[in-house]
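Chemist: turn this into a model:
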Amino acid sequence: MNASTSDTTLAPAPTVGHYRIDPVRTTSAVLHPASIRPRCDLGHRQAARIRCQRYQALSATVHAVLDAARFHTGYQRTPDGWKFAERLRGQIPRHHAAGGLSAWVYSRIRTGFSDQDTRTKEDAMKIFVAGATGALGSRLVTLLASRGHTVVGTTRTPSKADSLRAAGATPVVLDALDRDAVIEAVTSAEPDVVVHQLTALTGFTDFRKFDEGFAATNRLRTEGTDHLLEGIRRLPVRRIVAQSYAGAGFFARTGGLIKTEDDPFDPDPPAAIRRPAEAIKYLERAVLEAEGIHGTVLRYGGFYGPGTSLGKGGVFLEAVRRRLFPTVADGAGVWSFIHIDDAATATLAAIESGRTGVYNIVDDDPAPVAEWLPALAAAIGAKPPRRVPAWLARLLVGEQGVVMMNESRGASNAKAKRELGWQPAYPSWRSGFHVRLGTAATRAA
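Modeler: Reported below is the predicted structural model:
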């Protein structure tokens, strides 16, 4: 959204969780659907359709919110206006009946888009998801297909092809480090957008071997990124949305405790984190500086929820349960989390908005280890974590463990919420841990 100088004012410093971040410049806007014109950095016909669709969807969402408010207070629309009457639950769209009208409206607000049944074939895109069977990729594929998009998803495991078909995607089995295979897959698919979700962190459990555990992922973030970009350069429409990281241990350990997209990564990370950090920097430069390609980088916080290391059966959740994940020293390091489903809806918002640049995809509540770790243990019915001194932690897990637990910086999601029109369903890990990881949730699963 372009704004003249007269429309731009200096806003007071906002808060994120318990912390304040530096003042940012915000643009004032009249809160009326007709006054909103979403900006898109993508200059082709499809972007124009997306802008039009979002404008229409926003107007419909405003009316849906009003309808919901009246519905839950017992009002209904009549030819003579709104009259008090019994709640007409049968009027809820069938596919949202289980969650009620409020869930339907909230799902529309959360992504900022209309339901699939209001979309047209012209709105749909063909999307190539590299890394479609991981914790995030698998959820994203299902979400994209439900929105009416055509999805091509890659996996390196032949046995996972059927699950991609069941989710509504066309599977492609390939090794993402095979340059020719990647280029062939991308050019054959002819997608409107390539989504880079390639990682290889399954089985990573040993913080003492941090560098070794990230070796394969480092290659996917460097060589794999290059292969995808080479394939994209041969397409008529050139767009990529790529996974990066806003988690513990990567931001510079100076200045404020909460970092924005403009803040640098740590220029001198511990030795064990150095190569993973360099791989992330490489990916971001390659995506954002690729000539002729519209690049978007999503820096996700620490994942929790199904299929992640902080999900049912996940290695780190089990370590917390067994009291093998201690608080180091005073636990002052600040971490940012994101539920895996919220990471998927944010990725959807980035794809459909056409925005370019860097976005932190985290929840609203960055918090120190000394706060979130005991709360996580309590949520899953475990005993409080042990506390160990820094010198002992260095012997057990290395310098990187001490840095992550005591010097890490959190991230602000203000830009993503403002520009992508995205809102996390779990604004804080406090509710997310209890609802999705708590003992009741574990029994239900």
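Chemist: let me see the mean pLDDT of whichever strand or helix holds Ala279.
Modeler: Counting by DSSP states H and E, the element that carries Ala279 is helix 271-289. Mean per-residue pLDDT for helix 271-289: 93.
Chemist: stretch 390-401 too?
Modeler: On average, stretch 390-401 scores 87.
Chemist: tell me which residues of that stretch come out buried.
Modeler: Going by neighbour count (16 or more other CB atoms under 10 Å), the buried part of stretch 390-401 is Ala393, Val397, Gly398, Gln400, Gly401. C-beta: built from backbone N, CA, C; applies to glycine.
Chemist: where does the stretch 301-445 of the chain dip in pLDDT?
Modeler: Within the stretch 301-445 of the chain, the ranges that satisfy pLDDT under 70 run 438-445.
Chemist: tell me the helices and strands packed up against the helix holding Ala279.
Modeler: helix 210-213, helix 215-219, helix 225-232, strand 239-245, strand 294-300, strand 357-361, helix 399-406 (3 or more CB pairs under 8 Å, 6 or more residues apart in numbering; DSSP states H and E).
Chemist: one more pass at 6 Å, please.
Modeler: helix 210-213, helix 215-219, strand 239-245, strand 294-300 (3 or more CB pairs under 6 Å, 6 or more residues apart in numbering; DSSP states H and E).
Chemist: and Val320, what helix or strand is that in?
Modeler: helix 315-321.
Chemist: name the residues that touch that helix?
Modeler: Residues outside helix 315-321 that contact it (CB atoms under 6 Å, 6 or more residues apart in numbering): Thr205, Ser309, Leu310, Phe325, Leu376, Ala377, Ile380, Ala382.
Chemist: hmm, try it at 7 Å
Modeler: Thr205, Ser309, Leu310, Gly311, Phe325, Leu376, Ala377, Ile380, Ala382, Pro385, Leu437 (CB atoms under 7 Å, 6 or more residues apart in numbering).
Chemist: Gln243 versus the residue nearest to Ala286 when sequence neighbours are not counted, what's the distance?
Modeler: Spatial nearest neighbour of Ala286, chain neighbours left out: Thr225 (5.2 Å); criterion: CB to CB, 6 or more residues apart in numbering. Distance from Thr225 to Gln243, counting by CB to CB, to the nearest Å: 10 Å.
Chemist: list residues touching both of these two?
Modeler: Contact criterion CB under 7 Å, 6+ apart; residues shared by Thr225 and Gln243: His196.
Chemist: what's the span of stretch 255-272, first residue to last?
Modeler: End-to-end distance of stretch 255-272 (CA to CA, to the nearest Å): 23 Å.
Chemist: buried ones in it?
Modeler: Buried residues in stretch 255-272, defined by neighbour count with 16+ other CB under 10 Å: Gly256, Leu257, Ile258, Lys259, Thr260, Glu261, Asp263, Phe265, Asp266, Pro269, Pro270, Ala272.
Chemist: just the ones in strands from those residues, please.
Modeler: Ile258, Lys259 (DSSP state E).
Chemist: can you list the buried residues of stretch 255-272 in CSV and add distance to Ala411?
Modeler: Shown next, in CSV, are the buried residues of stretch 255-272 (distance: CB to CB, whole Å):
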residue, distance to Ala411
Gly256, 11
Leu257, 10
Ile258, 7
Lys259, 5
Thr260, 8
Glu261, 8
Asp263, 9
Phe265, 12
Asp266, 13
Pro269, 16
Pro270, 19
Ala272, 21
